[in-house]
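>>> Pasting a predicted model and its sequence here:
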Amino acid sequence: MHGGLADAQPGTPLLASPVFATGFHAGHPSYGYGRADNPTYRALESAIGALDGGECVVFGSGMAAISAVLGLASGKVVLPSDGYYLTRTLAADLPVTVVEVPTTGPWPSFEGVDLVLLETPSNPGLDVCDITALVSAAHTAGALVAVDNTTATPIGQRPLELGADIVVSSDSKALAGHSDVLLGHVTCRSVDLAARIRHTRTVHGGIPGPFETWLAHRGLATLDLRLARQAQNASALHSALRGHPLVSNLRWPGAAQDPSHTVASQQMRRFNGVFTFTLASRATAEKFIAASKLVTAATSFGGVHSTADRRAQWGDPVPEGFLRFSAGCEDTDDLVADVLSALATFNADE
């Protein structure tokens, strides 16, 4: 909550205003030209770096961040076949050999691999892999390990503590948390590796806007509170939907019955509000969202408002009625009642 804030001074704001500057007066060791660095970037980087446990570099989007990470590889990259689909699209366009593996494995030998990218819990399927075990195998083979921590967030999981070299995240989701920012970050265990990532940001221009950076820093103060309510709502909805005749393939790693729970509970510090389930068809999924008064159709997740996304429309290999549900911060009883009411408008065979 206090990460990245300057020491308190009477008469100054609790969170300093964003710095809008292209150029700075010469002579400062860090701030010369706005694309390379900015005090507003550094404040947020300090806060996120403290949560992740490393050196943070913020980017203009999650894809800009993942692009910088993939750029570290020149030969072979191993990445999840069931993770965020645009990561696979991006990797396919790069001059590297790509090996795709399901999050739950089996994982291949990492001999000759430059970079292993994990995404756990995976998006959208919420499968989980053992970070510590895979880091050990990858490091033995000389490969770097990066973990896409978007779904878990820095206070839900700390991959650097589990041995990973790099954490990457889309902070447009839960970290900023209000569905009003595009942002991403990379945090590295090694200061030298972080310097390479920062150089990539400067040269390729994947910088965030100062105002967006400031908004994310503001939102970070409530991350703990938001995740607590979102997890509470996800737990209540999971309990309400479990065994429901219209619902199949209900998944939430926070539930003891979930196939991911055992590994997730060993490496995650807390769970969040993202869960998934499948309805009978595309039409049923769309009618369910339309019938709800509190759930909005949206492709992002992690915000304060509950959303549902039919992931097949984006090309994910999931059933047409598959929904990724992001529980927001609404009153728990109100949200459960709304979801059940929306489902009650259907017959079991729809």
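Arrived safely. Every value quoted in this text rests on a predicted model; they were computed, and no experiment measured them.

>>> Confirm S300 sits in a helix?
No: per DSSP: H, G, I helix; E, B strand; the rest coil, S300 lies outside any helix segment and is coil.

>>> isn't it right up against D180?
No: the criterion here is Cβ atoms under 8 Å, and S300 misses it with D180 at 10.4 Å. All C-beta spots, glycine's among them, are computed from the backbone N, C-alpha and C.

>>> show me what contacts K76?
Counting by Cβ atoms under 8 Å, 6 or more residues apart in numbering, K76 makes contact with V96, T97, V98, V99, G112, V113, D114.

>>> And stretch 99-106, end to end?
Using Cα to Cα, to the nearest Å, the end-to-end distance of stretch 99-106 comes to 12 Å.

>>> Neighbours of T200, how many?
Residue neighbour count, defined by other Cβ atoms under 10 Å, stands at 21 for T200.

>>> Just say helix, strand or coil for it.
From three-state DSSP, the assignment for T200 is helix.

>>> what about R218, neighbour count?
Neighbours around R218, by other Cβ under 10 Å: 17.

>>> which stretch of helix or strand covers it?
helix 210-220 (DSSP states H and E).

>>> picking that back up, ranking by neighbours, what's the top pick from the contacts of K76?
Top of the contacts of K76 by neighbour count (other Cβ under 10 Å): V113, with 21 neighbours.

>>> Now do the same for that residue: helix, strand or coil?
With three-state DSSP as the basis, V113 sits in coil.

>>> wait, what's in contact with it?
G75, K76, V77, V78, V99, A138, A141, A143.

>>> Isn't L220 up against L15?
No: using Cβ under 8 Å, L220 is not in contact with L15; the gap is 9.9 Å.

>>> Spell out, range by range, the strands that occur in this structure.
55-59, 76-80, 97-101, 115-119, 144-148, 166-170, 184-188, 248-251, 274-278, 296-297, 307-310, 322-326 (DSSP state E).

>>> Throw these into TSV and include mean pLDDT and distance to S30, thanks.
As requested, the strands of the chain are exported to TSV (pLDDT from 0 to 100; distance: least, Cβ to Cβ, whole Å):
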stretch	mean pLDDT	distance to S30
strand 55-59	98	13
strand 76-80	98	32
strand 97-101	98	36
strand 115-119	98	29
strand 144-148	98	26
strand 166-170	98	23
strand 184-188	98	18
strand 248-251	98	45
strand 274-278	98	37
strand 296-297	96	41
strand 307-310	98	38
strand 322-326	98	37
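
>>> Which one of these lies nearest to S46?
strand 55-59 (7.5 Å; Cβ to Cβ).

>>> Pull up the pairing partners for that closest one, direction included.
strand 184-188 (antiparallel) (DSSP bridges).

>>> phi, psi of G273?
Dihedral angles of G273 (phi, psi; degrees, to the nearest 10) stand at phi -100, psi 10.

>>> Enumerate every residue touching it.
Shown in contact with G273 (Cβ under 8 Å, 6+ apart): L227, R229, Q230, A231, N233, A234, G302, S326, A327, G328.

>>> Near the nearest residue to it once chain neighbours are set aside, how many other residues are there?
Nearest residue to G273 in three dimensions, chain neighbours excluded: Q230, at 2.8 Å (Cβ to Cβ, 6 or more residues apart in numbering). Counted with other Cβ under 10 Å, residues neighbouring Q230 total 26.

>>> Convert stretch 132-152 to CSV, retaining C-alpha atoms only.
Extracted in CSV, the C-alpha atoms of stretch 132-152 (Å, rounded to 0.1, in the frame of the first residue of the first chain):
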residue,chain,number,x,y,z
THR,A,132,9.7,-25.0,-8.4
ALA,A,133,10.1,-28.3,-10.2
LEU,A,134,10.1,-26.8,-13.7
VAL,A,135,12.6,-24.1,-12.7
SER,A,136,15.0,-26.8,-11.3
ALA,A,137,14.8,-28.7,-14.6
ALA,A,138,15.2,-25.7,-16.8
HIS,A,139,18.1,-24.2,-14.8
THR,A,140,19.9,-27.6,-14.9
ALA,A,141,19.7,-27.3,-18.7
GLY,A,142,20.8,-23.7,-18.7
ALA,A,143,17.4,-22.1,-19.6
LEU,A,144,15.9,-19.0,-18.3
VAL,A,145,12.4,-19.3,-16.7
ALA,A,146,9.7,-16.6,-17.0
VAL,A,147,6.3,-16.9,-15.4
ASP,A,148,3.2,-15.0,-16.6
ASN,A,149,1.7,-14.1,-13.3
THR,A,150,-1.3,-12.1,-14.6
THR,A,151,-4.0,-14.3,-13.2
ALA,A,152,-2.3,-14.8,-9.8
